[in-house]
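[1] with the input below, show me the fold.
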Amino acid sequence: MVYFAALAIAVGLGLPIAVLSAAIGQGKVGAAAMEGIARQPEAAGRIQLAMMIALGFIESLVIYALLMFFLLSPKLPDTMTIIQSLRQ
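    Sure, this is the predicted structure:
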């Protein structure tokens, strides 16, 4: 029973935590890139390229978390099974 509780917490909280963390990371990357472009406008192309690569890596981690969500969701028992096991 503890296994299913831990699995439910991982499935229910894992993806939102990953998404919020990625959003914060993307915001920091964007802010740092804009600050760098403001300081050195001649390096805008290189800064934008580095920013796009970093954003791609951040987004790939969110896609990996989404994949884990879809892989773990079917392993959760249905609600009726949990209720019946609690009654016994």
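[2] point out where the chain drops to low pLDDT.
    When residues are selected by pLDDT under 70, those of the chain lie in 1.
[3] show me what counts as buried in stretch 42-49.
    Of the residues in stretch 42-49, those with enough neighbours to count as buried (16 or more other CB atoms under 10 Å) are Ile47. (Glycine included, C-beta is placed from N, CA and C.)
[4] show me the contact partners of that stretch.
    Residues outside stretch 42-49 that contact it (CB atoms under 8 Å, 6 or more residues apart in numbering) are 33, 36-37, 40.
[5] 7 Å - rerun?
    Identification of contacts with stretch 42-49 by CB atoms under 7 Å, 6 or more residues apart in numbering yields 33, 36-37.
[6] mind checking the longest helix of this protein?
    Using DSSP state H to assign secondary structure, the helix with the most residues in the chain is helix 2-39.
[7] using JSON lines, please lay out the contacts of stretch 42-49 together with distance to Met51 and neighbour count.
    Conversion of the contacts of stretch 42-49 to JSON lines gives the following (distance: CB to CB, whole Å; neighbours: other CB atoms under 10 Å):
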{"residue": "Ala33", "distance to Met51": "4", "neighbour count": "18"}
{"residue": "Gly36", "distance to Met51": "9", "neighbour count": "17"}
{"residue": "Ile37", "distance to Met51": "9", "neighbour count": "17"}
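[8] with distance to Phe70 added, can I get these in a markdown table?
    Supplementary listing: those in a markdown table, determined by distance: CB to CB, whole Å:
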| residue | distance to Phe70 |
| --- | --- |
| Ala33 | 32 |
| Gly36 | 37 |
| Ile37 | 37 |
